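A.B. asks: Predicted structure and sequence below. I'll ask about it afterward.
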There are 2 protein chains.
Amino acid sequence: MSQMDTALRIGVAGLGTVGASLVRLMGRHGNDIAVKSGRPISITGVSARDRNKDRGIDLSGYAWSDDAVALAADSGNDVFVELIGGADGVAHASVRAAIAAGKHVVTANKALLATHGVSLAREAEAAGVSLNFEAAAAGGIPIVKTLREALVGNTINRVYGILNGTSNYILTRMEQDNLPFAECLTAAQRLGYAEADPSYDIGGQDTAHKLALLTAIAFGTEIDAQSIYVEGISSITPADIEAADELGYRIKLLGVASRTESGIEQRAHPTMVPKSSAIARVDGVTNAVAVEGDFVGQIVLLGAGAGGDATASAVMSDIADIARGDRMGTFGRPASSLEPYRRAGMRLHEGGYYIRLSVYDRPGAFAAIARRMADADISLESIVQRRRAPRTTAPEHPVPEAPQPVIMITYETTEAAIRGALELVKEDGHIASDPQMIRIEPLA
Amino acid sequence: MSQMDTALRIGVAGLGTVGASLVRLMGRHGNDIAVKSGRPISITGVSARDRNKDRGIDLSGYAWSDDAVALAADSGNDVFVELIGGADGVAHASVRAAIAAGKHVVTANKALLATHGVSLAREAEAAGVSLNFEAAAAGGIPIVKTLREALVGNTINRVYGILNGTSNYILTRMEQDNLPFAECLTAAQRLGYAEADPSYDIGGQDTAHKLALLTAIAFGTEIDAQSIYVEGISSITPADIEAADELGYRIKLLGVASRTESGIEQRAHPTMVPKSSAIARVDGVTNAVAVEGDFVGQIVLLGAGAGGDATASAVMSDIADIARGDRMGTFGRPASSLEPYRRAGMRLHEGGYYIRLSVYDRPGAFAAIARRMADADISLESIVQRRRAPRTTAPEHPVPEAPQPVIMITYETTEAAIRGALELVKEDGHIASDPQMIRIEPLA
């Protein structure tokens, strides 16, 4: 009880947008949070690279440190908040130093946890401290708390979501304004929604890192971020988006983790989702996470997945849990009870597929393609041959060979079957460019 | 630490659908929950009215009690789970008995808390025990945990949602199948979505009780469920739903609590919500709650608001929090720090309104109505006069007086202004029946 009488002292390393928002949040709501938590909470020390940068906040009341590792180990703090970023380097070193010095750690660093999360969780557990990361998974959306605590009484069968606002913004603009990918990426960069080097976001890696953390909690497994199947959105064309619309789908970059007979399947890729699903209607930079549990059914959480203020709100939630004395294993259970990650290989993935081919308009081409699909036991739910110029010449005349788009939706099949069939279609030489293939996710 | 070595012993009073689901949940996931919580959790005693009723669960391993109050005070339990229901009577008595005996309490009883929540929270606080109620606010949706814990660093400006699955099912059916209210209610009853006496659900009272709980947490105020403005859905007609659709809205029974200059506004009534909003797209028995915080922005949670399994999932979350030793004030802060509820009277409500009038088709009728609106400083955003038979007679001939529907959407005005104007319109005698008036809620 005596701990409740003294202030919880926070050291904050990293004063970018999230760090600056956290300082503002504590300034505005610190007193109220103390009432709610039963204990004062105060930032005592801060650390960043450049002391003199104007961040729009007054730092004069906090001890400054140029060295995040030193701040982490400083005996003046009870909690170390890591907002530096990066899987290794100072972020990793300072978090380890904090744990070694017996401090609780709060981090918003998905790359760090996707890479070192299990070993850090073990170290935190051995040291008897918390390692919390609400802000690392989906910004302001409380999905870590929901999975770790609220759904504790459920076996989770699938967790999936739109975890990257940059990609969702681009896909939304492509659809709404009928624009190509590159143009929407430029617009996103102009608006500050995409980095100068956007590859981490649009390539699916950011989604994969966040998914890795959700998977560990949802399924109680160790993290294996390397084994996640990752595909970005840069291959998506307006033709795909238009076809999806006509077929009753929208295209979203989803992270999906699901329990299958052969293990846990983890993948981050563009996905066709039914228009009627809750996730299909999430536009712009908004994120969404859905969880399917055996008792709760489906829960969907929507909100801001990034941005300084929303992320600071999540960091504050983690700090308040520590202030109240709530201790929970980093991934929702003791680190020693996490099971080894049993990977369901991507070739075993089962589902429907959208295929777009650019087929030379010559006799027998389509029959050959259909034969390849049939040979692989792939049934077609629908076939659309679009924008084909009407045939005005008699059949015996030679027809122009200009490639025509052919779109197929398959019934459920396996990734191995579809890849094999498309490889043979390519070899047959009837298509003018590589096939486009987008997985369909059945969602409620 | 010693507490963590011993099992947390649970007494469950009430074995309806939720209680039976909780017993099943503990049977299926008890071992896993123990690992996650760091402590065994076991149901030791149960109580219900009829010992011999077949509930599809094996109760032979639990001590039976015919008396919930006795079970509540039984020294063999650490936590009392109240699933009896009702604002008073056995539910109230047993919860008080449990608190007096130093037991933690978990309840799914919204009526109890909307009526006695603050006094029970004070008693629990004085006794040093938890009083948790995740299942009471929105079934399986973790909105209590989100408001109490995840959004601790936010000032909440508005919380609103679809909190009653019965009403949402009826409104969805009315829209999808173009059926009148009564017919959809009968369908809901047939499917078990509505009670034989449906008034608590369709009259808005259930929504109001849930809203009262969310308001207390969101704004840190005492509960005043009596002061909530409540209006049910039985006056909604297919004509309203059709007009809403044409105007870009859908009609939902919403509970809304918001911070205004004159105090906290709380209301439960049919609401026109923009089709583009997340809440507009919530169909059937699904519930949804949205929260607007100054740092997090808008968060929306969707899921099952009722049903035995989803509700049991929420009850389990509350139990696990107690098992972990997480203690938090019932409404997110010490009961003594809850501020008196300062009510913003409904007449001060500001917003747009949808008005549907049945106007006698006579010269000057519409001009008189428009004059009444103008006199009250109400500006009209749109006016739709529908299904009016074309006028085939010359103007000097008498025209048929058959009433014609007139639909108006107002710009923002006050409830007092609109009620005053409609009262005068009624007195003028140009309308054939009472005006229909539905509030418009601006939502993202």
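C.D. replies: Received it, and whenever you're ready, just let me know what you need.
A.B. asks: Where does the prediction get shaky in chain A?
C.D. replies: Applying pLDDT under 70 to chain A flags the ranges A:1-4, A:386-400.
A.B. asks: can you point me to the longest helix in it?
C.D. replies: helix A:17-37 (DSSP state H).
A.B. asks: In PDB, list the C-alpha atoms belonging to that one.
C.D. replies: Output of helix A:17-37 as PDB, limited to C-alpha atoms (Å, rounded to 0.1, in the frame of the first residue of the first chain):
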ATOM      1  CA  THR A  17       5.600  13.400 -32.100                       C
ATOM      2  CA  VAL A  18       4.500  10.700 -29.700                       C
ATOM      3  CA  GLY A  19       6.900  11.900 -26.900                       C
ATOM      4  CA  ALA A  20       5.900  15.500 -27.300                       C
ATOM      5  CA  SER A  21       2.200  14.500 -27.200                       C
ATOM      6  CA  LEU A  22       2.800  12.400 -24.000                       C
ATOM      7  CA  VAL A  23       4.400  15.400 -22.300                       C
ATOM      8  CA  ARG A  24       1.400  17.500 -23.300                       C
ATOM      9  CA  LEU A  25      -1.100  14.800 -22.200                       C
ATOM     10  CA  MET A  26       0.500  14.500 -18.800                       C
ATOM     11  CA  GLY A  27       0.500  18.300 -18.400                       C
ATOM     12  CA  ARG A  28      -3.200  18.600 -19.300                       C
ATOM     13  CA  HIS A  29      -4.500  15.500 -17.600                       C
ATOM     14  CA  GLY A  30      -1.900  14.500 -15.000                       C
ATOM     15  CA  ASN A  31      -4.000  15.500 -12.000                       C
ATOM     16  CA  ASP A  32      -7.000  13.600 -13.200                       C
ATOM     17  CA  ILE A  33      -5.000  10.500 -14.000                       C
ATOM     18  CA  ALA A  34      -3.600  10.600 -10.500                       C
ATOM     19  CA  VAL A  35      -7.100  10.600  -9.100                       C
ATOM     20  CA  LYS A  36      -8.200   7.700 -11.300                       C
ATOM     21  CA  SER A  37      -5.000   5.700 -10.600                       C
END
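A.B. asks: Any residue of it touching chain B?
C.D. replies: Yes - contact of helix A:17-37 with chain B (Cβ under 8 Å from any Cβ of the partner chain) involves A:21, A:25, A:28-29, A:32-33, A:35-37. No exception for glycine: its C-beta is placed from N, CA and C like everyone else's.
A.B. asks: now, the most widely separated pair of those residues?
C.D. replies: A:S21 and A:V35 (21.3 Å; Cβ to Cβ).
A.B. asks: So if I had to pick from these two, which one is more boxed in?
C.D. replies: Neighbour count, other Cβ atoms under 10 Å in any protein chain shown: between A:S21 and A:V35, A:S21 has more, with 25 against 16.
A.B. asks: Does the more buried one touch B:F295 like I think?
C.D. replies: Yes - if you go by Cβ atoms under 8 Å, A:S21 and B:F295 touch, sitting 7.1 Å apart.
A.B. asks: Now do the shared contacts for these two.
C.D. replies: A:309, A:312 (Cβ atoms under 8 Å, 6 or more residues apart in numbering or on different chains).
A.B. asks: for stretch A:183-202, the distance to its chain's centre please.
C.D. replies: How far stretch A:183-202 lies from its chain's middle: 16 Å, per Cα atoms, centre = their mean, to the nearest Å.
A.B. asks: let me fix that: stretch A:368-385
C.D. replies: Remark: stretch A:368-385 is offset 33 Å from the chain centroid, using Cα atoms, centre = their mean.
A.B. asks: Between its first and last residues, what's the separation in that stretch?
C.D. replies: 15 Å (Cα to Cα, to the nearest Å).
A.B. asks: What residues of that stretch count as buried?
C.D. replies: Across stretch A:368-385, burial judged by 16 or more other Cβ atoms under 10 Å in any protein chain shown covers A:369-370, A:372-373, A:376, A:378.
A.B. asks: what's the closest of these to chain B?
C.D. replies: Nearest to chain B out of these is A:I378 (Cβ to the nearest Cβ; 33.1 Å).
A.B. asks: how about the closest one, what does it touch?
C.D. replies: By Cβ under 8 Å, 6+ apart, A:I378 lies in contact with A:410-411, A:413, A:417-418, A:421.
A.B. asks: Looking at those, spot the one nearest A:T311.
C.D. replies: A:I418 (38.2 Å).
A.B. asks: in what helix or strand does the closest one lie?
C.D. replies: Taking DSSP states H and E as the criterion, A:I418 maps to helix A:415-428.
A.B. asks: Determine the set of other helices and strands touching that helix.
C.D. replies: On a contact count with 3 or more Cβ pairs under 8 Å, 6 or more residues apart in numbering or on different chains; DSSP states H and E, helix A:415-428 meets strand A:350-359, helix A:365-375.
A.B. asks: Among the ones you listed, single out whichever gets nearest to chain B.
C.D. replies: Across the helices and strands packed on helix A:415-428, chain B has its closest neighbour in strand A:350-359 (23.4 Å, Cβ to the nearest Cβ).
A.B. asks: Please identify the buried residues of the closest one?
C.D. replies: A:351-359.
A.B. asks: tell me the domain boundaries of chain A?
C.D. replies: A:154-303, A:349-440 (automatic domain parsing).
A.B. asks: Deepest-packed of those, please.
C.D. replies: domain A:154-303 (a mean of 21; mean count of other Cβ atoms under 10 Å in any protein chain shown).
A.B. asks: and it, is it in reach of chain B?
C.D. replies: Yes - if you take Cβ under 8 Å from any Cβ as the test, domain A:154-303 does meet chain B, through A:154-155, A:220, A:278, A:281, A:293-303.
A.B. asks: biggest separation within these, which pair?
C.D. replies: Using Cβ to Cβ, the two most remote members of the residues of domain A:154-303 next to chain B are A:G220 and A:R281, lying 31.0 Å apart.
A.B. asks: Surely A:R55 is within a strand?
C.D. replies: No - judged by DSSP: H, G, I helix; E, B strand; the rest coil, A:R55 forms no part of a strand; its state is coil.
A.B. asks: And for it, nearest residue in space, chain neighbours not counted?
C.D. replies: A:A20 (4.6 Å; Cβ to Cβ, 6 or more residues apart in numbering or on different chains).
A.B. asks: which residues does that neighbour contact?
C.D. replies: A:55-57, A:308.
A.B. asks: Repeat that for A:A137.
C.D. replies: A:110, A:143-144, A:163, A:210, A:213-214, A:289.
A.B. asks: same question, A:A150
C.D. replies: B:134, B:142, B:145, B:313-314, B:317.
A.B. asks: restrict those residues to those near chain A?
C.D. replies: Within the contacts of A:A150, those near chain A by Cβ under 8 Å from any Cβ are B:134, B:142, B:145, B:313-314, B:317.
A.B. asks: picking that back up, mind putting the contacts of A:A137 into JSON lines with distance to B:R51 and secondary structure?
C.D. replies: Shown next, in JSON lines, are these (distance: Cβ to Cβ, whole Å; DSSP: H, G, I helix; E, B strand; the rest coil):
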{"residue": "A:K110", "distance to B:R51": "52", "secondary structure": "helix"}
{"residue": "A:I143", "distance to B:R51": "42", "secondary structure": "helix"}
{"residue": "A:V144", "distance to B:R51": "42", "secondary structure": "helix"}
{"residue": "A:L163", "distance to B:R51": "50", "secondary structure": "coil"}
{"residue": "A:K210", "distance to B:R51": "50", "secondary structure": "helix"}
{"residue": "A:L213", "distance to B:R51": "47", "secondary structure": "helix"}
{"residue": "A:L214", "distance to B:R51": "43", "secondary structure": "helix"}
{"residue": "A:V289", "distance to B:R51": "43", "secondary structure": "strand"}
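A.B. asks: Brilliant, that's me finished.
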